[in-house]
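1. Next input, structure requested:
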Amino acid sequence: MNPLTCSRLNTSYRWLIRGGDLLQPLLLLLFRLWIANVFFKSGLTKIDDWDTTILLFTEEYHVPLLPPAIAAALAAAGELGLSALLALGLGGRFAAAGLFILNAVAVISYPGLTEATREFHYYWGMLIAVVLAFGPGLLSVDALLRLWAGRCAARD
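-> Model (predicted):
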């Protein structure tokens, strides 16, 4: 191969990688906000009509090992609290892990899911898995805390 062609390919490849590196924080933020919105709305729906929520957890959702009232309370608290943490990127991997588990339990415990709604849960699970794998990214409270801790350590 021509040395000039190799040089151009190498330069193009480096630009492509750099572009991906610049997009990663934005994509992670987008994924976090998208998932946080889905789960936060679900949590709000649960607390909006608690009697109906308890009824659903008693009759429709068959959460293994937990009484319906406890499962409902844990689901609502998890959806509201973990989605808020995920949106901020505070304890991002912890929040993502918790929401991943909630999502998996929803798929397992609700036999009435249609194929289309099951696909949504798979999609959300994949987005959460990305945050689990890469962390919340540079546009997060976790990143600010790491920066602050590094500066504090450098001063000591």
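2. And the residue nearest the centre of the chain?
-> The residue lying closest to the centre of the chain (Cα atoms, centre = their mean) is residue 128, at 3.6 Å.
3. hang on, isn't that one packed against residue 96?
-> Yes. Residue 128 is within contact range of residue 96, at 5.1 Å (criterion: Cβ atoms under 8 Å). For every residue, glycine as well, the C-beta is placed using N, CA and C.
4. For those two, list the residues in contact with both.
-> Residues touching both residue 128 and residue 96 by Cβ atoms under 8 Å, 6 or more residues apart in numbering: residue 35.
5. From residue 92, how far off is the residue nearest to the centre of the chain?
-> Distance of residue 128 to residue 92, computed by Cβ to Cβ, to the nearest Å: 11 Å.
6. Quick check: which element contains residue 75?
-> Using DSSP states H and E, residue 75 falls within helix 68-88.
7. Please, where are all the strands along this structure?
-> Assigned by DSSP state E, the chain shows no strands.
8. And the helices in it, which stretches?
-> Counting by DSSP state H, the chain has helices at residues 3-48, 50-59, 68-88, 92-109, 115-134, 141-155.
9. May I see those helices organised as CSV, with mean pLDDT added?
-> CSV is the format used below for these (pLDDT from 0 to 100):
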stretch, mean pLDDT
helix 3-48, 89
helix 50-59, 96
helix 68-88, 98
helix 92-109, 96
helix 115-134, 97
helix 141-155, 91
